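**Q** got a sequence here, can you build the structure:
(2 chains)
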2 protein chains.
Amino acid sequence: MLKIRRIPIDTYPENTAFVLRNGSGYSAEQFQALRKIRIFCQDGEILATLALVDDESIIGPDEIGLGEQAFARLCLAEGTEVCIEQARPPASLDFVRRKIGGDALSESEVSAIVRDIACHLYSPMEIGAYLVACAGFMTTPETLALTRAMIDVGNRLHWDSPLVVDKHCIGGIPGNRTSMIVVPIVAAHGLLCPKTSSRAITSPSGTADTMEVLANVDLSEEQMKAIVAKEHAVLAWGGRVDLSPADDVLISVERPLRLDDHEQMVASILSKKIAAGSTHLVLDIPVGPTAKVRSQSEAVRLRKLFEYVARHLGLETVIVFSDGSQPVGRGVGPVLEARDVMAVLRNEPDAPDDLRDHAVALAGHMLDFDPAIEGGRGYARALELLASGAALAAMERLIEAQGRNEQKLTPGVYKAEIGARKAGRVVAIDCERISRIARIAGAPMDKGAGLDLLHKVGEAVRPGEALYRIHANSETGLGFARDLAEENAGYEIA
Amino acid sequence: MLKIRRIPIDTYPENTAFVLRNGSGYSAEQFQALRKIRIFCQDGEILATLALVDDESIIGPDEIGLGEQAFARLCLAEGTEVCIEQARPPASLDFVRRKIGGDALSESEVSAIVRDIACHLYSPMEIGAYLVACAGFMTTPETLALTRAMIDVGNRLHWDSPLVVDKHCIGGIPGNRTSMIVVPIVAAHGLLCPKTSSRAITSPSGTADTMEVLANVDLSEEQMKAIVAKEHAVLAWGGRVDLSPADDVLISVERPLRLDDHEQMVASILSKKIAAGSTHLVLDIPVGPTAKVRSQSEAVRLRKLFEYVARHLGLETVIVFSDGSQPVGRGVGPVLEARDVMAVLRNEPDAPDDLRDHAVALAGHMLDFDPAIEGGRGYARALELLASGAALAAMERLIEAQGRNEQKLTPGVYKAEIGARKAGRVVAIDCERISRIARIAGAPMDKGAGLDLLHKVGEAVRPGEALYRIHANSETGLGFARDLAEENAGYEIA
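**A** Numbers count the residues shown, from 1 in each chain, chains lettered A, B, ... in the order given. Here you go, the predicted structure:
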């Protein structure tokens, strides 16, 4: 029996257990060959990757150290006595091996895998094995089964309405913060639009990060329900309400492996939307040379897969292909994006056109879901709600209801301008490069960090004229970002 | 700049870096999304998985902690100043992604992957991704390219002889310690047989573990050469001489994922044999219901793949299918196996027949490589060298030359007998189950732990009569093994 000790080390997303190499009474090195041990007692159990410790000041002979995540997941007090043994691999790993061998899996097999992943029984290596096997090939019924299983293992919100509208973008385009304009427009019209968004994982900002500049987004299910009852809408962080938790685990492995196959994307997005209680969805797929989807034919294939799964799960879906050839708006990073969003809602004359036009188009599609709106009139109605200030008023009410962020966040105080190397016209802006520079400047953790794009595609520039301004709140961040931008600014001028 | 500090934590096979979450001047959490950082200075660099620390007593704000493996691999003194950045994935990972997408890779692409793996640039998750993608399909030219690349990244032994004989078994059969009988027979005849063996990874003993009961196996290349010059042979641990180091890295991921496709097995075995300088190989493939290869058709497919790769690499190979339906010999675990081996060499009347017969057959095939031996006479010659005591004398000389183990190791003092549940005849013994029970008793780390099989297939037993005896050197080990054996002893009686 070993006593639990909490070790202040965070090995996300992996559970880690720390055991003294010699003297614990266990031959710890034998466990290490298969890396994973089972830690258990009457009140709970967990699987964890084993780290061997050679210093008793870190962990004693009668103790087992649990990293922060393992400690939180096992949920037992320090000092609790537990046993350890070589972990038997989760039974569903046999299905993963069948998938590796080229089989299509049944619905119940997919479901068993997803359950075990959501319970953190898989190591990142095992999750990677499953994802790579799926990337080899995955049938549409398997994709449907995966989506269904991901919905089933998480929480599900219910809104007691036959029309719960939602929008989602597959991502990849910096500055594309349409949700924060679309949701107030739709709410002003009176449709139910409880929007849950994610934080950035590898991008410079997620909708939740940008909205947080203005208001609290960390809302419980009860708080969300109260706000939606009053305002028809909410702009909340989805992580709090445990929608499709298996998706979060899968993403933690997909990102470092840079896996991005359509099947996982469809299951990820649709499972979260359906778990959030949406009945009608507008889905935005930007297409462009540096976007996630790079050709029209790829976009069509992806659209068909979304439609297949959504139809079988009873989610009414309209799919919109949009221009993914450059960032949307001017700001990239939470504070700068929030500035653009508010400029559009306030109908400021210099508000970015492209952000406004794209948001109004999407809001129009959402309003078209309303049976009371005459076919095709959604777009005009959206324009009207924006122009009249009704959308701005709805946004202000949402901010108040969620809890206004009283900190006045401003763009980062350390600044650098990146100039054009030659005269000409901007012919392309690399979305991936812009994201990377903004991120290394500190976005999204540093809310004020990011890029302010001073020129967009089609505009003429003189040599040395600033293409964009980098903002950061640390000299280190600014320096990293400037170095990266000077190596390759992400702008093509011709 | 952060100062290196060595952290006495072993996270094999992963490099781990420990950074303070707050206060290091880096926004450490951003690095965490992609998990891997690059640690570098003028004198070296390394990639490592990031663990965030929330306690300054473990790591200070100006420090970076390196786990034992990362510290050893980076090879810089404590206190050396290094920088960190988000690791850019190794360039060859693009080839892995192509493989995931279904492409066959070229020789230079496979070679780039193997080089990066050998340099520890891949995380276990990335290695898993490559292995699973290969498991989907792999062409024979890719298998050949993999084998060649694995040879090229490691050390290679040269023996200055046109005939360097070797034997290898693909494993999976407990107690199958033929090498320790075959090598002395072949050495007694005068063929050059410098045998390198592995330690057990998931089995209860490897040849190196069993040989170590009798003699030192941790020999440098110089020591091996000196012994071979004198005795024609050696029985050494291969890990010391750095043959096919990429294989060791791949195995550290294949085992926990229980991947066992033919292509990896062929590349693993043949790369080690060719790097060890062998020119002629006898390869033993046991076939049986609980062996690694379970049907004759699978055995034939595997044989053909071995032959294809061996032929292209100029390794003369004879492949032998053997009976893999039950363990070989009586002892399972280092001490008990060494006892059986010496009983055969000493021609003791109760020495296990099956171990002797199998070893003599393999030795016969090896002797047939000698041009001086008349076709098919190798078997008779092997029998003669064993019966005359020449093989025993060769073994004793080898033990002396390598350094006799003066510790008199004995079977574990904690013992338990597992009895038959009913009367009948033993019709099958489960190799996997027997291995697992021996392993949990403590083998191979605890040399005396293991199983002594008192009945083999075909023998009659009475109810309660002992099927085997478990040995261990700790009560815990004995208890674990007995529990497992009582749940399922691995014997079928009918």
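**Q** can you pull the contacts of A:Gly314?
**A** Residues in contact with A:Gly314 (Cβ atoms under 8 Å, 6 or more residues apart in numbering or on different chains) are A:Thr279. Yep, even glycine has a C-beta here, placed from its N, CA and C like the rest.
**Q** so which strand or helix has it?
**A** Assigned by DSSP states H and E, A:Gly314 belongs to no helix or strand.
**Q** how near is it to A:Thr147?
**A** The gap separating A:Gly314 from A:Thr147 is 12 Å, by Cβ to Cβ, to the nearest Å.
**Q** same check, this time on A:Thr410
**A** Counting by Cβ to Cβ, the gap from A:Thr410 to A:Thr147 is 41 Å.
**Q** which of these two has more neighbours?
**A** Counted by other Cβ atoms under 10 Å in any protein chain shown, A:Thr410 and A:Thr147 do not tie: A:Thr147 has more neighbours, with 29 against 14.
**Q** how about the more buried one: what's its closest non-neighbour residue?
**A** Nearest residue to A:Thr147 in three dimensions, chain neighbours excluded: A:Ala267, at 4.3 Å (Cβ to Cβ, 6 or more residues apart in numbering or on different chains).
**Q** quick one: that neighbour is in a helix?
**A** Yes - assessed with DSSP: H, G, I helix; E, B strand; the rest coil, A:Ala267 lies in a helix.
**Q** for it, give me its contacts.
**A** Neighbouring residues of A:Ala267 by Cβ under 8 Å, 6+ apart: A:Thr143, A:Leu146, A:Thr147, A:Met150, A:Asp247, A:Val309.
**Q** and for A:Gln326?
**A** A:Gln326 neighbours (Cβ under 8 Å, 6+ apart): A:Gly288, A:Ala428, A:Ile429, A:Cys431, A:Lys456, A:Val457.
**Q** check A:Gly376 too.
**A** Shown in contact with A:Gly376 (Cβ under 8 Å, 6+ apart): A:Asp368.
**Q** that one: what secondary structure?
**A** coil.
**Q** so A:Ser278 touches A:Pro162, yeah?
**A** No - between A:Ser278 and A:Pro162 there is no contact, the gap being 11.9 Å when judged by Cβ atoms under 8 Å.
**Q** who has more neighbours, those two?
**A** A direct count of neighbours by other Cβ under 10 Å for A:Ser278 and A:Pro162 places A:Ser278 higher, at 26 against 9.
**Q** skipping its backbone neighbours, what lies nearest that one in space?
**A** Nearest in space to A:Ser278, with sequence neighbours left out and distances taken as Cβ to Cβ, 6+ apart, is A:Asp166 at 3.8 Å.
**Q** list the strands paired with the helix or strand harbouring that neighbour, with their directions.
**A** Using DSSP H and E, A:Asp166 sits within strand A:165-169. In the sheet, strand A:165-169 lines up against strand A:280-287 (parallel) (DSSP bridges).
**Q** next secondary structure after the strand it pairs with?
**A** Next helix or strand after strand A:280-287 toward the C-terminus (DSSP H and E): helix A:296-312.
**Q** by contact count, what packs against that following helix?
**A** In terms of contacts (3 or more Cβ pairs under 8 Å, 6 or more residues apart in numbering or on different chains; DSSP states H and E), helix A:296-312 is packed against helix A:140-152, helix A:262-275, strand A:280-287, strand A:316-323.
**Q** reformat these into CSV and put mean pLDDT next to each item.
**A** Below are those laid out as CSV (pLDDT from 0 to 100):
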stretch, mean pLDDT
helix A:140-152, 97
helix A:262-275, 96
strand A:280-287, 98
strand A:316-323, 97
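**Q** ok, now how distant is A:Gln402 from chain B?
**A** Distance of A:Gln402 to chain B, given as Cβ to the nearest Cβ, to the nearest Å: 24 Å.
**Q** my bad, A:Asp218
**A** From A:Asp218 over to chain B the distance is 17 Å, taken as Cβ to the nearest Cβ.
**Q** find me the pLDDT at that residue, would you?
**A** In this model, A:Asp218 is scored at 96, pLDDT.
**Q** for A:Gln32, same thing?
**A** 63.
**Q** same question for A:Arg38.
**A** For A:Arg38, pLDDT reads 91.
**Q** picking up where we left off before, check which element follows the strand holding A:Asp166 along the chain.
**A** Following strand A:165-169 in sequence, per DSSP H and E, is helix A:179-189.
**Q** that following helix vs strand A:280-287, what angle?
**A** Counting by axes from the mean of the first three to the mean of the last three Cα atoms, to 10 degrees, helix A:179-189 points 150 degrees away from the direction of strand A:280-287.
**Q** helix or strand right after helix A:179-189?
**A** Using DSSP H and E, the helix or strand that follows helix A:179-189 in sequence is strand A:193-197.
**Q** so who does the residue nearest to A:Ser278 touch?
**A** The neighbours of A:Asp166, taking Cβ under 8 Å, 6+ apart as the test, are A:Cys193, A:Pro194, A:Lys195, A:Lys273, A:Ala276, A:Ser278, A:His280, A:Leu281, A:Val282.
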